[in-house]
Every structure is written in structure tokens, then in C-alpha cells.
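Undergrad: sequence plus the predicted model coming up.
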Amino acid sequence: MKKIKLHLFALVVILASSCSKDDNASVTSPTPIAFVDEAPVSGKFTKNVLIEDYTGTWCGWCPRVAYSIGKVEEVTTRSVAVAFHGGSSTEPMKYTGTLAATIAGYPTAMLNRTTEWNYPENANITQAKNLSRNNVGLGLAMNSTVTGGNINLDVNIKFVDNYTNVKLVVYALEDNLIYDQTNYTSFYGGVSTIAGFRHDNVVRQVFTSVTGDALTGTTANQTVTKNFTVSVPSNITNVVNMHFVAFVIGADGAAINVRKSATNINQPFEQNP
């Protein structure tokens, strides 16, 4: 894959200075595999796909994934992207907590936490899109108020099927962070440095364990609410650009369903009529 590889020197992980492949913008998309979703079932929930992007401003191949996420968002409203910035001590948006996945290089994009988005991502848009579905047995809805530097967030999880050994993950993210982006691709005009690049969905804080907090009461016809009363993360530069992402993962570590929410709104569930 076209990644900047990570190597271990003296037990310290550092970044290699070169990349393994050249640009892939000219790759022709393969013919998508026929995909037929089942008809919506009354009472079930819309299933969204989670895209976790491991990226950095220093990473010249990383614009490929940002571009591909944009293409997914053009063909479906049922995707939720988050971006973990890292890989360099000088990364201005570096997430300093535990990462959600062990990765071999940048960029890496994970779908529903456990499936790597096939390279080249821009030629495999349907892989991400097709992981969203009409029916799943649990749904999420968030209610929040953000005022005076404080967050009061309720994450509601409603079950119509029985689930065991499931966990909740909650992120605070920030949009519209402007930093120059190194670019080895032909995307975004093919310039070597994209000046003033807009970075969205940047993970600022994880309110749970990054591997999830255990949920109880996860049986059919139950609704579980988890409350988070916390201060606005100190690394948020503009609270207006903050939003939340919450998802439930199963015993296999894969995301069952995911939802994003702006601040100061009360969401309804995405439940089929």
C-alpha cells in the first residue's frame, strides 16, 4: 500500500522518510460488486458506517484518504468519519491518547473499526458505502448542551434485538482546523503543499476508553442512557466547530452502529417507521 511505514529503532517507533509507492490518482475504479440491501424493516434502525482515518499534516499520501472520505459522503449520508492525527511529534493536531487501532503506516483507514479500507481507497468507495445498511438491531441518539465551558451529553442507545458483551465509545471532534498539508498525490490540484487545508473530524478527546466502556441492560425493547458531564477539552480551539461521535462495538471489536451529532441538539433515533 502507499503508506509511510513505521519502523522500530532502539525500541522507539519513528517514521520512515520515504514512501512505498507513487500516486494512485489515475487508478481506474473496479466494477463494484452488486449490492442489494434488504428492504427496511419496521422498528429496526439505519446502520451507518464508521471510518477512522489515521493521518497527519506531514503525511504526503494522507490526502488520498481525505479525498476518498469526501467521495463517500457524496454518495451516502450514512457515513461517520473521524481523524486521528499522529505519527510525528510536530503534528499540530496530534492525538496524544491511546489509538483505536495498531497501524503499520500512514495513511490507514479502518471501516467499522476492524476492516481496513482497501487500497486505493478512492477506487473502493463502494466498500465503505456498502457497509451502511437499512436494518440493524440498535440505534443511537444524542442530546447535548454546551455552555460556559461545560458539556452535558446524553448518549441514548435503543435496542430492538438482544446484545451481549457490547461497549460504547464516545469522541469529541473538531472541524475547520486550518493547517498546511503535505501532498504527494495528484488530488487537490497536485500541489506539494496544500496551503490552508481544512481538516475536519479531528479527534480531540475520547470520553470513554478508546476500546469502549461496557454496557448493561442491552436487551430488546430497552433504552440505555450514558451521561457525560465534562469540561470542553482544552485543545478545542473553537467550540462552535465541535461535534460528537458515539458508537457501539460488539464482542468482536467491530462497530455495530455509529452516530454523529452537533452540539446543543436533541436527536431522534434513526428508526424505520
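TA: Structure received. Numbering: from 1, shown residues only.

Undergrad: name the residue closest to the centre of the chain, please.
TA: Val82 (2.9 Å; CA atoms, centre = their mean).

Undergrad: give the contact list for that one.
TA: Leu50, Ile51, Glu52, Asp53, Tyr171, Leu173, Asn201, Val203, Val245 (CB atoms under 8 Å, 6 or more residues apart in numbering). From N, CA and C alone the C-beta is placed, and that goes for glycine too.

Undergrad: repeat for Thr223
TA: By CB under 8 Å, 6+ apart, the residues touching Thr223 are Asn156, Ile157, Lys158, Phe159.

Undergrad: how about 7 Å then?
TA: Asn156, Ile157, Lys158 (CB atoms under 7 Å, 6 or more residues apart in numbering).

Undergrad: so the last one is in which element?
TA: Using DSSP states H and E, Lys158 sits within strand 150-159.

Undergrad: the strands in the stretch 51-200 of the chain, which residues?
TA: 79-85, 105-106, 108-111, 115-116, 133-136, 138-147, 150-159, 167-174, 177-182, 193-199 (DSSP state E, counting those that start in this stretch).

Undergrad: give the other helices and strands that the last one contacts.
TA: Just to be clear, that refers to strand 193-199. Other helices and strands packing on strand 193-199, by 3 or more CB pairs under 7 Å, 6 or more residues apart in numbering; DSSP states H and E, are strand 177-182.

Undergrad: what angle separates the strand it packs on from strand 193-199?
TA: 150 degrees (axes from the mean of the first three to the mean of the last three CA atoms, to 10 degrees).

Undergrad: how far out from the middle of the chain is strand 177-182?
TA: Mean-position distance between strand 177-182 and its chain equals 19 Å (CA atoms, centre = their mean, to the nearest Å).

Undergrad: adjacent strands (with direction) for that strand?
TA: strand 193-199 (antiparallel) (DSSP bridges).

Undergrad: elements contacting whatever helix or strand comes next after the strand it pairs with?
TA: Next helix or strand after strand 193-199 toward the C-terminus (DSSP H and E): strand 202-206. Packing partners of strand 202-206 (3+ CB pairs under 7 Å, 6+ apart): strand 79-85, strand 167-174.

Undergrad: nearest to Gly105, of those?
TA: Among the helices and strands packed on strand 202-206, the nearest to Gly105 by CB to CB is strand 79-85 (13.5 Å).
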